[in-house]
Each structure stands twice: as structure tokens, then as C-alpha cells.
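Peer 1: Give me coordinates for this.
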Amino acid sequence: MSVIETPSTTTAASAPVAHRRRTTRIRMIELLVLVAVLVIALALSIAVGSRLMSLPTVWDALWANTSVPWANAAARGTDAYGIVHQLRIPRTILGLLAGLALGAAGALAQGHTRNPLADPGILGVNAGAACAVVVGVYVLNIATPIQYMGFGLVGALITSALVFVVASAARGSSPLLLVLAGTGLNAMLLAITSAIVLVDSASLDAWRFWNVGSISGRGTDVIWAALPFIAIGLVLAVANGYFLNALSLGDDLSTALGTRVATTRFLGLLALTILAGAATAACGPIAFLGLLAPHIARYLVGPDYRWIVPFAALIGADLLLLCDVIGRVIARPGEIYVGIMVSVIGAPFLIALVRRRKLVAV
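Peer 2: Alright, predicted model coming up:
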């Protein structure tokens with residue numbers, strides 16, 4: 001028997017398609033807004049600092065070393081040129097990379113642990129990086145930012161591998177086992193770090209400088225060292241977001257739907273470790289950003305991790321750069337480190353967000 005298509009059935013069938021298209025348009029508009037905010041944050045990070053300089057001075061210094069028609073060659077040897085090119089531009093680029101990395105890593109941490117309070121630190125990544133830096137200072141007398149980054153990244157990778165191995169040894173690396181393994185290793189590594197800094201003043205000074213979380217004082221060598229890790233991690237994170245929706249249904253149902261749970265979780269944790277490890281090693285722990293950015297992303301796009309991961313990355317970059325600018329302005333002629341500013345500004349915002357109960361479920 002043939003089915004006669006009536007106007008009512010046609011409308012009912014096309015309604016979900018129209019809704020998806022409308023939702024996609026809204027999300028694309030939100031994405032463009034976040035990109036526009038990021039462009040503004042990048043411009044402010046270069047133009048505004050703890051030292052007052054007029055916008056024309058910054059503009060001349062910015063283009064002094066180029067051949068564009070509006071370049072002012074006389075600005076090349078000025079103090080403004082050195083400040084813009086040697087301090088502010090590297091700081092801005094590092095802030096962009098670290099914000100993208102920590103935002104995406106936070107989304108992966110919450111998705112894989114199914115815990116709304118998770119950030120990369122819950123799996124011991126920050127503690128592993130800190131412990132490796134302190135051990136490097138204590139044993140090998142490392143002293144430069146690039147050395148801190150190398151030891152921090154190795155420490156983060158080793159810690160994350162241990163967490164995955166311990167959790168996998170006890171049936172399938174479930175979210176609960178990952179959190180328990182990460183919490184245990186985190187406590188042990190913090191104890192080792194505390195023991196070293198209490199008996200060695202040089203390690204204590206290095207740990208205090210690195211642990212506060214800052215994107216200042218890092219050279220282009222740190223940026224070039226972090227860039228390939230963060231680029232690879234972002235690609236893996238966005239790809240992993242497509243499978244996190246299935247994992248959110250539970251391991252048993254995900255397996256029934258054909259998802260390779262162990263492989264998906266391994267790749268997700270690998271991306272998380274690379275992103276959080278590189279950013280933490282380069283800047284020190286800016287832990288609160290990885291908790292806040294995914295919640296804002298979830299508020300904008302709902303529970304779909306295909307959108308949450310890229311949105312969280314952009315939001316993380318926006319927040320980090322804007323908080324860094326604010327920290328430079330409010331404490332002139334000094335500055336407040338961005339790790340402190342993210343917590344001071346972000347904590348009230350997060351409290352207001354989590355009062356909406358729909359954000360609690362991940």
C-alpha cells in the first residue's frame with residue numbers, strides 16, 4: 001500500500017532539519033563573535049601594557065621593521081620598538097597558544113571523566129610538570145624558561161601515562177578510575193615537590209616563579225618549542241570531540257554502538273596531556289582556565305562536544321589574553337600575573353554559571 005504524503009507529514013519531517021540548520025547558524029554566529037573578541041584581545045595585548053604608550057607610538061613600532069607604505073623606519077631603534085617586538089608580541093602569541101590549549105584540554109578532561117569539576121589538573125598533569133621542574137632545579141640546576149618547559153612537558157607526559165596505565169590495569173580505564181588514579185598520583189607528586197622545596201631554597205625560588213602562572217618573561221624559543229605540541233594536540237582534541245558524545249552515554253552503550261572506548265579514551269588523554277603539558281610547561285599552571293572555559297562553551301552550545309571543544313579553546317584564549325591585559329593595567333607600573341587574574345575574575349563568573357543547574361551535567 002502506498003503512502004500518501006500530506007502537507008502535515010511533510011512539515012513534520014522537515015521540522016528537525018530546519019531546527020538543525022537554525023542551530024548551526026546560531027553556533028556559527030557565536031563562533032564568529034568569539035573570533036572577533038579574540039582579534040580585539042590580541043590587539044589590546046600588543047597595544048596596552050604596564051608602560052603607557054600612545055597608540056600612534058605602538059603602531060609605528062609595530063610596523064617599523066616592514067616595507068609597508070605606512071612604516072616609520074625611524075621607530076626601529078626606539079624603546080617602544082623593543083617593548084613591542086621583544087616583550088609584547090611574544091607574550092601575546094604565547095597567551096594565544098596557552099589559552100587555546102588549556103581551554104580544549106579542560107573540555108577533554110570534563111568529557112572523559114564525566115565530571116563537571118574536572119580540569120587538566122585532576123589527572124595530575126600540573127603536579128607532574130611542577131615536580132619535574134623542581135627535580136630538574138634540585139638535581140641539574142636548570143635555570144632558563146626553555147629548560148623549565150622541557151622538564152615540565154616530560155613530567156606531564158610521564159604522569160598522564162602512569163594515570164592511564166594504572167586505570168587500565170583495573171578494568172577499562174573508566175572515568176572513575178581515571179579520577180582516582182589521577183588524584184592519588186597528584187597527592188604523591190605534590191608531596192615530593194613540597195619535600196624538595198622545603199629543604200632547598202633554590203628549588204623553592206624556581207618553583208614559586210614557575211608555579212604562579214605567567215606568560216611574561218618567555219622568549220621566542222619557548223613559543224617555538226610549544227607550538228608543534230599545541231598544534232598537534234588541538235587537531236587530536238577536535239577530532240576526539242566527535243567521539244566524546246558517544247562516551248557520554250556510558251562505556252557499555254558506547255561499545256554496543258561500535259565505539260572503541262579504550263582507543264578513544266587513550267587518544268583523548270593523549271591530546272589532553274600534550275595540550276595541558278605544553279601550556280603548563282611554558283607558562284606554569286593556570287589551572288582555573290581549564291575549568292571555566294568548557295562551562296562557558298557548554299552554556300553557549302549545549303552538550304555537543306563537537307562544538308564544545310573548539311568553543312572552549314577560543315574562550316580560553318579570549319579569557320587568558322583579556323585577563324593578562326587587565327593584570328597589566330590595574331597594577332601599573334607593575335603587574336599581576338595572569339594565573340592570579342584568571343582566578344579572581346573567573347571565579348565569580350563560574351559561580352553564576354553553575355547556579356544554572358543544566359550546566360552541572362556533562
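Peer 1: Number of residues surrounding the nearest residue to residue 229 once chain neighbours are set aside?
Peer 2: In this structure, residue 229 finds its nearest non-sequential neighbour in residue 278, 3.9 Å apart by CB to CB, 6 or more residues apart in numbering. Using the backbone N, CA and C atoms, a C-beta is placed for each residue, glycine as well. Counted by other CB atoms under 10 Å, the residues lying close to residue 278 total 31.
Peer 1: Same check on residue 205?
Peer 2: Other residues lying near residue 205 total 12 when counted by other CB under 10 Å.
Peer 1: for it, what are its contacts?
Peer 2: Listed by CB atoms under 8 Å, 6 or more residues apart in numbering, residue 205 has no contact partners.
Peer 1: Grab the nearest non-local neighbour of residue 35.
Peer 2: With CB to CB, 6+ apart as the criterion, residue 35 has its nearest non-adjacent residue at 6.8 Å, and that residue is residue 314.
Peer 1: returning to what we had before: residue contacts, the residue nearest to residue 229?
Peer 2: When the contact criterion is CB under 8 Å, 6+ apart, the partners of residue 278 are 101, 149, 153, 226, 229-230, 233.
Peer 1: Point out the other helices and strands that the longest helix along the chain packs with.
Peer 2: The longest helix of the chain (DSSP state H) is helix 7-47. Counting contacts by 3 or more CB pairs under 8 Å, 6 or more residues apart in numbering; DSSP states H and E, helix 7-47 packs against helix 55-63, helix 89-113, helix 287-301, helix 305-329.
Peer 1: quick one, which of those helices is packed in tightest?
Peer 2: The highest average neighbour count among the helices and strands packed on helix 7-47, using mean count of other CB atoms under 10 Å, belongs to helix 89-113 at a mean of 28.
Peer 1: Which neighbouring elements make contact with it?
Peer 2: Under the contact definition 3+ CB pairs under 8 Å, 6+ apart, helix 89-113 sits against helix 7-47, helix 175-199, helix 220-247, helix 261-283, helix 287-301, helix 305-329.
Peer 1: Can you give me the distance of residue 140 to residue 203?
Peer 2: Counting by CB to CB, to the nearest Å, the gap between residue 140 and residue 203 amounts to 11 Å.
Peer 1: can you put the contacts of residue 278 in JSON lines and add distance to residue 50?
Peer 2: Formatted as JSON lines, these follow (distance: CB to CB, whole Å):
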{"residue": "101", "distance to residue 50": "25"}
{"residue": "149", "distance to residue 50": "24"}
{"residue": "153", "distance to residue 50": "29"}
{"residue": "226", "distance to residue 50": "24"}
{"residue": "229", "distance to residue 50": "29"}
{"residue": "230", "distance to residue 50": "26"}
{"residue": "233", "distance to residue 50": "31"}
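Peer 1: Return the residues in contact with residue 218.
Peer 2: Going by CB under 8 Å, 6+ apart, residue 218 touches 90-91, 94, 145, 282-283.
Peer 1: any idea which of those is least confident?
Peer 2: Taken together, those show their lowest pLDDT at residue 145, with 77.
Peer 1: so what's that one up against?
Peer 2: Residue 145 sits next to 217-219, 221-222, 282 when contact means CB under 8 Å, 6+ apart.
Peer 1: Count the neighbours of residue 193 for me.
Peer 2: Using other CB under 10 Å as the criterion, residue 193 is surrounded by 22 other residues.
Peer 1: Which pLDDT value goes with it?
Peer 2: We note a pLDDT of 87 for residue 193 in this prediction.
Peer 1: End to end on stretch 117-133, go ahead and measure it.
Peer 2: As for stretch 117-133, its first-to-last residue distance stands at 26 Å under the measure CA to CA, to the nearest Å.
Peer 1: and that stretch, average pLDDT?
Peer 2: Here the mean pLDDT over stretch 117-133 is 84, rounded to a whole number.
Peer 1: ok now it, how far from the chain's centre?
Peer 2: A distance of 13 Å separates the centroid of the chain from that of stretch 117-133, by CA atoms, centre = their mean, to the nearest Å.
Peer 1: Now do the buried residues in it.
Peer 2: 118-133 (16 or more other CB atoms under 10 Å).
Peer 1: Pull the number of nearby residues for the nearest residue to residue 113 once chain neighbours are set aside.
Peer 2: Among residues not flanking residue 113 along the chain, residue 175 sits closest, at 4.6 Å (CB to CB, 6+ apart). The burial count assigned to residue 175 is 20, neighbours taken as other CB under 10 Å.
Peer 1: residue contacts, residue 175?
Peer 2: Shown here is residue 175, whose contacts under the criterion CB under 8 Å, 6+ apart are 112-115.
Peer 1: Spatially central residue in the protein, please.
Peer 2: With distances taken as CA atoms, centre = their mean, residue 102 lies nearest the centre of the chain, 1.0 Å away.
Peer 1: Hmm, it is touching residue 126, no?
Peer 2: No - under the criterion of CB atoms under 8 Å, residue 102 is not in contact with residue 126, lying 10.5 Å apart.
Peer 1: Now for those two: what residues contact both?
Peer 2: Common neighbours of residue 102 and residue 126, counting by CB under 8 Å, 6+ apart, are 120, 276.
Peer 1: which residues touch the closest residue to residue 78 other than its chain neighbours?
Peer 2: On the basis of CB to CB, 6+ apart, the spatially nearest residue to residue 78 that is not a chain neighbour turns out to be residue 61, at 6.6 Å. For residue 61, the residues meeting the contact criterion (CB under 8 Å, 6+ apart) are 75, 78, 80-81, 83-85.
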